[in-house]
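Sequence first, predicted coordinates after that:
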Amino acid sequence: MKISVIGCGYLGAVHAASMAEIGHTVVGVDVDEEKIALLAAGKAPFVEPEFDEMLARNVEAGRLTFTTDFSQVSDAQVHFIGVGTPQGPDGSADMTYVNAALDSLLPHMGQADGPSIVVGKSTVPVGTADSIEQRVVDAGAILIWNPEFLRESFAVQDTLRPDRLVYGVSKDAERAEVSQRILDEVYATILELDTPRLIMDFPTAELVKVSANSFLAMKISYINAMAEICDATGADVTMLAEAIGLDDRIGKKFLRAGIGYGGGCLPKDTRAFQARTEQLGLNSLDFMSDINAINDRRRKHAADLAIEALGGDVTGKRIALLGAAFKPNTDDMRNSPSIDIAKMLRDAGADIVITDPAAGPVLKVRRPDVPVADTAHEAIKGAEATLLLTEWDEFKNLDPTTLEPAGKIVIDGRNSLDPDTWKNAGWTYYGMGRN
Ligand code: NAD
C-alpha cells in the first residue's frame with residue numbers, strides 16, 4: 001500500500017520507516033528542508049536506537065522516500081499526520097502545524113485507487129477530530145484518529161510492537177467501517193502479533209492519549225512528593241517505592257524519584273489537557289497544576305542542593321553536569337530538566353560544564369557558548385561538584401575512584417548511583433529523597 005507521513009520528527013520519521021519496514025511504499029513529507037535532505041540520504045536527524053539501520057535499509061530498498069513537495073503524496077491511499085502540537089502561550093496545544101499540514105495535504109487527495117484515509121497521530125485536544133472531519137470529507141477522504149503511544153528511545157520497538165492500537169472512528173457507520181478496514185490492512189503484520197486493537201469514537205481516542213500521559217506524570221510527581229517528605233523525615237524514597245510498587249495495583253514502573261519528567265510530551269500534554277478541560281468549563285483536572293508544580297520544584301531542588309552543598313555561593317565554581325537529554329538513549333533536549341538546572345546554576349554564577357553522549361554533540365552546535373565535555377571524566381576533572389541528571393549507563397557505571405574532581409560532592413538527580421560505592425570512595429552523596 002502507498003502511504004504518506006506528514007511531519008517527519010521523532011514520531012513521523014520513525015513511523016514512516018516502520019511502515020516501510022513492514023512492506024509499504026512510504027513517502028515522508030516535512031517542511032524542514034534540512035531534515036528531509038538527511039532522511040532522503042538515509043541518515044537519521046536524531047538519535048533513536050534501531051532507527052538508523054531501519055531508515056537506511058528502507059531508503060536503500062527504494063520503499064521509503066522523503067520530500068518537501070506535497071504533490072508527491074497524491075497517489076497514496078493512507079496519509080498519517082504526525083506534525084508537532086507544541087504548547088501555546090496559554091498552555092493549550094498550538095494547532096497551527098496540524099492546520100497547516102491539512103491545508104497543504106487536502107488539495108492533493110483523491111488520486112489513489114480506492115478510498116483514501118487521513119490518520120491523525122499527533123496528540124491533539126479532545127474535540128479536534130470532530131472539528132476537522134468535514135474538511136477531510138470534502139476533500140474526498142475519511143478521517144480516523146490513531147493516537148501514538150511510542151516512547152522515545154524505544155520508538156522503533158513501540159511502533160512495530162505496540163501495547164495496543166487505538167482507532168477513533170467517525171460517527172458515520174460507513175466511514176467508520178471503511179477507515180477501520182484500511183487501517184487494519186496497513187497494520188496487518190502488527191495485528192497478527194495479537195496486538196489489542198480498540199475501536200472507539202473520536203473524543204475517546206483523543207482522551208486515551210492525554211489521559212495516559214497525565215496518569216504517568218501523576219505517578220512521577222507522586223513519588224517525587226514522597227521524596228520531599230522523605231528528605232524532611234530522613235526516610236528513603238527508593239525503599240518506599242520498592243515496597244509500595246510490589247503491590248500490583250500500584251506497580252513499580254514510573255516510581256523512581258528524581259528531578260522529574262521532561263521531553264516533548266508529558267510537560268506539554270498535561271498542560272494542554274488541563275487547558276482544554278478549562279475551556280470546556282470543567283475543573284476536573286485542577287490537580288494537574290500540583291503535578292506540574294511538583295515537577296518544576298524538582299529542578300529547582302537539584303540546583304538549590306548543589307548551591308547549598310557548595311556553601312551557598314557557586315560563583316566561578318566548576319560544576320559538572322552529567323546529562324543534557326531529557327532521558328537516556330536520545331538526544332532530545334525538549335523541556336529537559338538538565339537544561340533548566342544548567343540555566344539555574346549558570347544564573348547563580350557557576351562555571352558549568354555539560355556532558356552527554358548523544359545530546360552533547362547537538363548542544364555544541366546549537367549552543368557554542370555552553371562548555372560541553374566529550375566524556376564524564378573530562379567534565380568532572382577539576383569540578384567542585386558533580387550532578388547526575390540523565391541516567392545514561394555510562395554515568396551510572398562510573399567508577400568514582402577513577403575520577404579527578406576538585407571537590408568530591410555528587411548529587412544523584414536520578415537516584416541511579418549506588419550511594420555506598422560513592423561514599424566509600426570518599427564522596428559526599430546527595431540523592432533525591434534518600435541519603
Ligand atoms: P517534532 O517536533 O519532532 O516533529 C514535528 C515535525 O513536523 C517537524 O519535523 C516539523 O518540521 C514538521 N512540520 C511542522 N509543520 C509541518 C507542516 N505544515 N507540514 C509538514 N511537516 C510539518 O515532534 P514529535 O515529537 O515528532 O511529535 C509530533 C506529534 O506526535 C506531537 O503531537 C506529539 O505530541 C506527538 N507524539 C510524540 C511522541 C514522541 O515521543 N515524540 C510520542 C507520541 C506522540
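Perfect, thanks for sending it. Numbering: from 1, shown residues only.

Residue 77 is in contact with residue 113, correct?
Yes: at 7.3 Å, residue 113 counts as touching residue 77 under the criterion of C-beta atoms under 8 Å. (Each C-beta comes from the backbone N, C-alpha and C, glycine too.)

The ligand versus the residue nearest to residue 402 when sequence neighbours are not counted, what's the distance?
Among residues not flanking residue 402 along the chain, residue 377 sits closest, at 7.3 Å (C-beta to C-beta, 6 or more residues apart in numbering). From residue 377 across to the ligand, the span is 31 Å (C-beta to the nearest ligand atom, to the nearest Å).

Tell me which residue in the stretch 201-350 of the chain sits closest to the ligand.
Among all residues of the stretch 201-350 of the chain, residue 264 sits closest to the ligand, at 4.4 Å; criterion: C-beta to the nearest ligand atom.

all helices of the stretch 1-150 of the chain, in order?
10-21, 33-40, 51-60, 96-105, 128-138 (DSSP state H, counting those that start in this stretch).

Tell me, how many residues neighbour residue 314?
By the criterion of other C-beta atoms under 10 Å, residue 314 has 23 neighbours.

mind listing what it touches?
By C-beta atoms under 8 Å, 6 or more residues apart in numbering, residue 314 lies in contact with 306-307, 345, 348-350.

Buried only: go through these for me.
Neighbour counting by 16 or more other C-beta atoms under 10 Å classes 306-307, 345, 348, 350 among the contacts of residue 314 as buried.

Format those residues as JSON lines; extra columns: pLDDT, distance to the ligand and secondary structure.
Formatted as JSON lines, the buried ones among the contacts of residue 314 follow (pLDDT from 0 to 100; distance: C-beta to the nearest ligand atom, whole Å; DSSP: H, G, I helix; E, B strand; the rest coil):
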{"residue": "306", "pLDDT": "98", "distance to the ligand": "29", "secondary structure": "helix"}
{"residue": "307", "pLDDT": "98", "distance to the ligand": "33", "secondary structure": "helix"}
{"residue": "345", "pLDDT": "98", "distance to the ligand": "27", "secondary structure": "helix"}
{"residue": "348", "pLDDT": "98", "distance to the ligand": "31", "secondary structure": "coil"}
{"residue": "350", "pLDDT": "98", "distance to the ligand": "31", "secondary structure": "coil"}
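
Max pairwise distance over the contacts of residue 314: which two?
306 and 349 (12.0 Å; C-beta to C-beta).

Check the stretch 1-150 of the chain for the residue nearest the ligand and tell me.
Taking C-beta to the nearest ligand atom, the stretch 1-150 of the chain has residue 9 as its residue nearest the ligand, at 1.8 Å.

How about the contacts made by the nearest residue to that residue once chain neighbours are set aside?
What sits nearest to residue 9 in space, not counting adjacent residues and going by C-beta to C-beta, 6+ apart, is residue 84, at 6.3 Å. Shown in contact with residue 84 (C-beta under 8 Å, 6+ apart): 7, 9, 97, 122, 264.

hmm, 7 Å instead?
7, 9, 97 (C-beta atoms under 7 Å, 6 or more residues apart in numbering).

re the thing from before, contacting residues around the residue of the stretch 201-350 of the chain closest to the ligand?
Going by C-beta under 7 Å, 6+ apart, the list of residues near residue 264 reads 10, 332, 334-335.

please redo it, this time with the cut-off set to 6 Å
When contacts are counted by C-beta atoms under 6 Å, 6 or more residues apart in numbering, residue 264 is found next to residue 334.

correct me, but residue 19 touches residue 3?
Yes: with contact defined as C-beta atoms under 6 Å, residue 19 reaches residue 3; the gap is 5.3 Å.

Identify the contacts common to the two.
Shared contacts of residue 19 and residue 3, defined by C-beta under 6 Å, 6+ apart, comprise residue 26.

Show me which of those two is the more surrounded one.
residue 19 (26 against 23).

rewinding a little: could you provide the contacts of residue 84 in a markdown table, with additional columns for neighbour count?
Output for the contacts of residue 84, formatted as a markdown table (neighbours: other C-beta atoms under 10 Å):
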| residue | neighbour count |
| --- | --- |
| 7 | 26 |
| 9 | 20 |
| 97 | 19 |
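
from those, which is closest to residue 230?
Relative to residue 230, the closest of the contacts of residue 84 is residue 9; by C-beta to C-beta it sits at 37.7 Å.

which phi and psi does that closest one have?
Phi and psi for residue 9, reported as degrees, to the nearest 10, are phi -90, psi -150.

What is the top helix by length along the chain packed up against?
For the chain, the longest helix by residue count, based on DSSP state H, is helix 202-233. Where contact means 3 or more C-beta pairs under 6 Å, 6 or more residues apart in numbering; DSSP states H and E, helix 202-233 is packed against strand 165-169, helix 237-245, helix 266-279, helix 287-309.

Tell me which of those lies nearest to residue 182.
Among the helices and strands packed on helix 202-233, strand 165-169 comes nearest to residue 182, with 10.6 Å by C-beta to C-beta.

Averaged pLDDT, the closest one. What do you get?
Mean pLDDT, strand 165-169: 98.

That one to helix 128-138, inter-axis angle?
Counting by axes from the mean of the first three to the mean of the last three C-alpha atoms, to 10 degrees, strand 165-169 lies at 60 degrees to helix 128-138.

contact partners of strand 165-169?
Strand 165-169 has contacts (C-beta under 6 Å, 6+ apart) with 144-147, 176, 180, 195, 197-200, 202, 205, 208.

Which of these sits closest to residue 385?
Distances from residue 385 to those, taken by C-beta to C-beta, are shortest for residue 147, at 41.7 Å.

Please identify the buried residues of stretch 7-23?
Buried positions in stretch 7-23, judged by neighbour count with 16+ other C-beta under 10 Å: 7-21.

Next: stretch 116-131.
So for stretch 116-131, counting by 16+ other C-beta under 10 Å, buried means 116-126, 128-130.
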